[in-house]
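*Asks:* below: sequence and its predicted model.
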Amino acid sequence: MEHFFFVKFINGLIEFYPELFDGNGTSTQHQVNFGKKWGSYSAIVELAEGDILKIDKVVEEPLEKCLLYLAFKTDKNELERLMHNEAMKNIGR
């Protein structure tokens, strides 16, 4: 029964945060290998802003709070990338 709840919970997270779990986009093999090796530790380091002294504080935060923040950052970075690409196209005109 606990296994079923966990799977349902994870599937719900994937549904609510597709920008984090979807895997869409272009990735090099190096990026894929890095993701396989480090997985969620990368998210913890990102939330700790690369500061090893903040890692313990980050892992004490609620999971959904962390995922919402990461989803926001992902969407914001994608928007900024798209805006930059559009501006570069307009410069060339």
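*Replies:* All right, it came through fine.
*Asks:* which elements pack onto the longest helix anywhere in the chain?
*Replies:* The longest helix of the chain (DSSP state H) is helix 63-91. On a contact count with 3 or more C-beta pairs under 8 Å, 6 or more residues apart in numbering; DSSP states H and E, helix 63-91 meets helix 2-16, helix 18-21, helix 29-47. Quick note: C-beta positions are derived from backbone N, CA and C, even for glycine.
*Asks:* and the pLDDT for the most centrally placed residue in the chain?
*Replies:* Nearest residue to the geometric centre of the chain (C-alpha atoms, centre = their mean): residue 20, 4.1 Å. On pLDDT, residue 20 comes in at 74.
*Asks:* wait, doesn't it sit right on residue 69?
*Replies:* No. Using C-beta atoms under 8 Å, residue 20 is not in contact with residue 69, being 10.4 Å away.
*Asks:* ends of stretch 13-29, how far apart?
*Replies:* With C-alpha to C-alpha, to the nearest Å as the measure, stretch 13-29 spans 25 Å from end to end.
*Asks:* hang on, the earlier thing: measure how the longest helix of the chain sits relative to helix 29-47, angle-wise.
*Replies:* Interaxial angle, helix 63-91 versus helix 29-47 (axes from the mean of the first three to the mean of the last three C-alpha atoms, to 10 degrees): 120 degrees.
*Asks:* now helix 63-91, how far from the centre of its chain.
*Replies:* 11 Å (C-alpha atoms, centre = their mean, to the nearest Å).
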